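Student: here's a sequence, model it:
(chains A and B)
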Amino acid sequence: MFQSLLEHRFKLEIHRETRDLPLYELTIAKGKSRLTPSSDAQMSLTVEGKHWNQQQGTCGVSMWLEGAHLVCHAASMDKILPYIIAELHAPLVDRTGLTGTYDLNVRYVPDGAKLRVDAEAGPSFLQAFPDDTGIKLEKGKGPVEVMTIDRMGKPSENQ
Amino acid sequence: MVSASRSVRVTALGLVCLAAFAQRPEFEVASVKVNTKGGDIDTVPRRSGDLVMMHNTQVYSMIFYAYHLTEAYQLAGFVLFTPNEWNWFDWMRGSAATPPKTSFV
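Tutor: As a prediction, the model looks like this:
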């Protein structure tokens, strides 16, 4: 809906292209994942006295005094990857070959939270995720689709 | 006979109402204005009927929303307008039964 507004009023012109960018490669450390294959059972969690059930086929991040929790229940890698991207702010390429659905609960201290004076000492996401899942996050480089702005100007007046 | 006549009148009235409703004017709204009043920054759009609004939102953020981008690496070639005041806009798009007020405050 707002695309046409940007294109008409800001004269925005874009194209999509593939660039070689820094990214993270996901591989299984020592050939064995530590992810827990999911079952039909409910996934119940308690953190700092609060209790909840993670819905089947979903992931979520919640913030606590002790840090953040990335929790997934019966989630495929397709569901899990966007949460890793959101934490690393970098593209990923999945070379794990994992095709099942998994439960995971990774506690980590987000970078922003470390700025607090009373911040809980804890692992970063880059430390915690491989430790808990057996999935390595290694820096690499590879093709990534990006949207490139070719032209854009100040908007024309409302008519 | 009386009841048939009443039925015709009711049907006619219904058709008139339907026609009036169908012909209700719709205004197409496509508004973007430099934000001069400040106020809260909308990170998600506000909806009112068929109107979608975002208040005090940067062009950069709007591009992300409009093209379903989530991370900075997905966008290349963005250049900030100068002066900075030109980066904050009030946006409105959709249709409305009456011309909408442009003020968000």
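Student: make it CA atoms for all contacts and neighbour counts henceforth
Tutor: Will do.
Student: separation between residue A:123 and residue A:29?
Tutor: Relative to residue A:29, residue A:123 is positioned 18 Å away (CA to CA, to the nearest Å).
Student: all helices for chain A, in order.
Tutor: A:2-9, A:77-88, A:125-133 (DSSP state H).
Student: let's have those in TSV, adding distance to chain B.
Tutor: Formatted as TSV, those follow (distance: least, CA to the nearest CA, whole Å):
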stretch	distance to chain B
helix A:2-9	5
helix A:77-88	7
helix A:125-133	17
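Student: please produce TSV containing the ones you listed, extended by mean pLDDT, mean neighbour count and distance to residue A:105.
Tutor: Formatted as TSV, the helices of chain A follow (pLDDT from 0 to 100; neighbours: other CA atoms under 10 Å in any protein chain shown; distance: least, CA to CA, whole Å):
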stretch	mean pLDDT	mean neighbour count	distance to residue A:105
helix A:2-9	93	16	37
helix A:77-88	95	16	11
helix A:125-133	95	17	8
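Student: among these, which is nearest residue B:95?
Tutor: Closest of the helices of chain A to residue B:95 is helix A:2-9, at 12.9 Å (criterion: CA to CA).
Student: residues contacting the closest one, please?
Tutor: Contacting residues not belonging to helix A:2-9 are listed as A:12-13, A:154-157, B:30-32, B:62-63, B:66-67, B:93 [CA atoms under 8 Å, 6 or more residues apart in numbering or on different chains].
Student: gap between it and the chain center?
Tutor: Relative to its parent chain, helix A:2-9 has a centroid offset of 29 Å by CA atoms, centre = their mean, to the nearest Å.
Student: returning to that earlier point: filter the contacts of helix A:2-9 to the buried ones?
Tutor: A:12, A:155, B:30, B:31, B:32, B:62, B:63, B:93 (16 or more other CA atoms under 10 Å in any protein chain shown).
Student: name the pair among those with the greatest separation in space.
Tutor: The largest separation in the buried ones among the contacts of helix A:2-9, counting by CA to CA, is between A:12 and B:93 at 16.7 Å.
Student: circling back to that earlier point, of the contacts of helix A:2-9, which belong to strands?
Tutor: A:13, B:30, B:31, B:32, B:93 (DSSP state E).
Student: by pLDDT, rank those residues and give me the bottom one.
Tutor: Minimum pLDDT across these is recorded for residue B:30, with 87.
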